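Enquirer: quick one, fold the following:
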Amino acid sequence: MKARSRTAAGTLALLAAAAAALLYAWYGVDRRGEEEGKRKEAEEKVLAFDTGQVKALRIEAGGAVTSLTRAGAGGAGWRIEGLGEAADGGAVEGLLSRLAGLRRKAEVAARPDAAALASSGLAPPRGRIELDLEDGRRLAVSLGEPSGFDGSLPVRAGEGPVLLVDAGAEWALLRKTDDLRDRALLRFEPGKVQRVRLLAGGRVAWEAARRPGVEGEAAGWDLTAPRAAPADAGRVESTLRAASALRALRFADGAGRAREAGLEPPARTLVLLGEGGSELGRVELGKEANDSRFARSSAGPRILEVDRGAAAAVAPSVEELVERPKPPPAGPKAEGQ
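Expert: From the prediction side, this is the model:
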């Protein structure tokens, strides 16, 4: 090999070695920084758990206790114990995510005595959350009195130190039963509804049936009661959307409330039927009260107050459903007009 070739080869080898060393140093520093970040994040967490592994949740807030258990296919849903009804899954998962992301701002007392707990509002605590995990562990965090200085919240995980966390944690975590109840009145797929029936005073006020599309004719809806007539498809579909969108403003549970709310019997009942006449759900409407109207659904015995305008949208009159004839197209204007 000529001297010039050997020199070039040596230079390339040195450059390759230098690049490898730089890459190793960069990668090593990057990995160490990443590991250090993960370690610091783990140390800052108040509770370390995977939200998907929580199978039960118990919240003590304002003197009331709310117990929830994970249920449904794949554990995707939540139920409120005692009420026997579904919880708002998004609200529950949001609470768990907030709890899992809770970070310490400062440590108040590493080994708190009775005086330290009392001064932090943790003896007794203002609120407490317990989690039961799939691996058998039970985790708990107690919440104290917010700081009068910046609102920071004292918390204590189990029997650990007293820590300070962000002020917003109190509102996000100390949720009461009504905060976690599912506010949707009824859940269904509008596309699966084949018939819609409105009852008034126990009698059929109107009924509409879905009309499949055929060659040269679009799909739509037809009134079958109180008379046969083409229905305004847009109005029927908007009725279904309104029923799907009904949400509780307030909950009005309690013994004897159904009669007081005008739901025994209901003033109006919207019934949704699927293939073969199977009932997909129903909405019952009772008395009006200020900005709301009492309502109940086939999803459960609970009594809700819904927006009056939203309630009106699910119980249109038959006159509103009849398809209006389209006006004839305007002809050419006469000369001189």
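
Enquirer: and residue 169, what's its pLDDT?
Expert: Looking at residue 169, its pLDDT reads 89.

Enquirer: show me the shaky parts of the chain.
Expert: 1-11, 13-14, 16-42, 72-76, 215-216, 255, 325-337 (pLDDT under 70).

Enquirer: who's in contact with residue 220?
Expert: Counting by Cβ atoms under 8 Å, 6 or more residues apart in numbering, residue 220 touches 210, 211, 213, 230, 231, 233. For every residue, glycine as well, the C-beta is placed using N, CA and C.

Enquirer: quick one: contacts for the third one?
Expert: Just to be clear, that refers to residue 213. Applying Cβ under 8 Å, 6+ apart, we find residue 213 in contact with 219, 220.

Enquirer: can you give me phi and psi for it?
Expert: Main-chain torsions, residue 213, degrees, to the nearest 10: phi -70, psi 140.

Enquirer: hmm, back to that, quick check on the contacts of residue 220: which are buried?
Expert: Burial by neighbour count, 16 or more other Cβ atoms under 10 Å: within the contacts of residue 220 this picks out 210, 230, 231, 233.

Enquirer: show me what the closest residue to the last one other than its chain neighbours is bridged to.
Expert: Distances taken as Cβ to Cβ, 6 or more residues apart in numbering put residue 220 closest to residue 233, at 4.2 Å, once the chain neighbours are dropped. Beta-bridge partners of residue 220, counted by DSSP bridges, are residue 211.

Enquirer: now do residue 296
Expert: Going by DSSP bridges, residue 296 forms beta bridges with residue 284.

Enquirer: now do the contacts for it.
Expert: Residue 296 neighbours (Cβ under 8 Å, 6+ apart): 258, 261, 263, 266, 283, 284, 286, 302, 303, 304.

Enquirer: the first one and residue 49, how far apart?
Expert: Spatial separation of residue 258 from residue 49 under the definition Cβ to Cβ, to the nearest Å is 41 Å.

Enquirer: neighbour-wise, which of those two wins?
Expert: Neighbour comparison, residue 258 and residue 49: the larger count goes to residue 258, with 20 against 16 (by other Cβ atoms under 10 Å).

Enquirer: the more buried one is in contact with residue 303, isn't it?
Expert: Yes. Counting by Cβ atoms under 8 Å, residue 258 does reach residue 303; the two are 6.3 Å apart.

Enquirer: in which helix or strand does the spatially most central residue of the chain reside?
Expert: Centroid-nearest residue in the chain: residue 90, 2.9 Å away (criterion: Cα atoms, centre = their mean). Per DSSP states H and E, residue 90 falls inside helix 89-100.

Enquirer: what's that helix packed up against?
Expert: Other elements packing on helix 89-100 under the criterion 3 or more Cβ pairs under 8 Å, 6 or more residues apart in numbering; DSSP states H and E are strand 54-61, strand 77-80, strand 127-133, helix 169-173, helix 177-180.

Enquirer: could you chop the chain up by domain?
Expert: Using automatic domain parsing, the domain parsing of the chain gives 51-180, 190-321.

Enquirer: could I get those as a markdown table with distance to residue 15?
Expert: A markdown table is the format used below for these (distance: least, Cβ to Cβ, whole Å):
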| stretch | distance to residue 15 |
| --- | --- |
| domain 51-180 | 45 |
| domain 190-321 | 65 |
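
Enquirer: now the helices for this protein?
Expert: Under the criterion DSSP state H, the chain contains helices at 3-44, 89-100, 114-119, 169-173, 177-180, 233-245, 257-260, 308-313, 318-321.

Enquirer: tell me the buried residues in the fourth one?
Expert: If you call a residue buried by 16+ other Cβ under 10 Å, then helix 169-173 has these buried ones: 169, 170, 173.

Enquirer: no further queries at this time; thank you.
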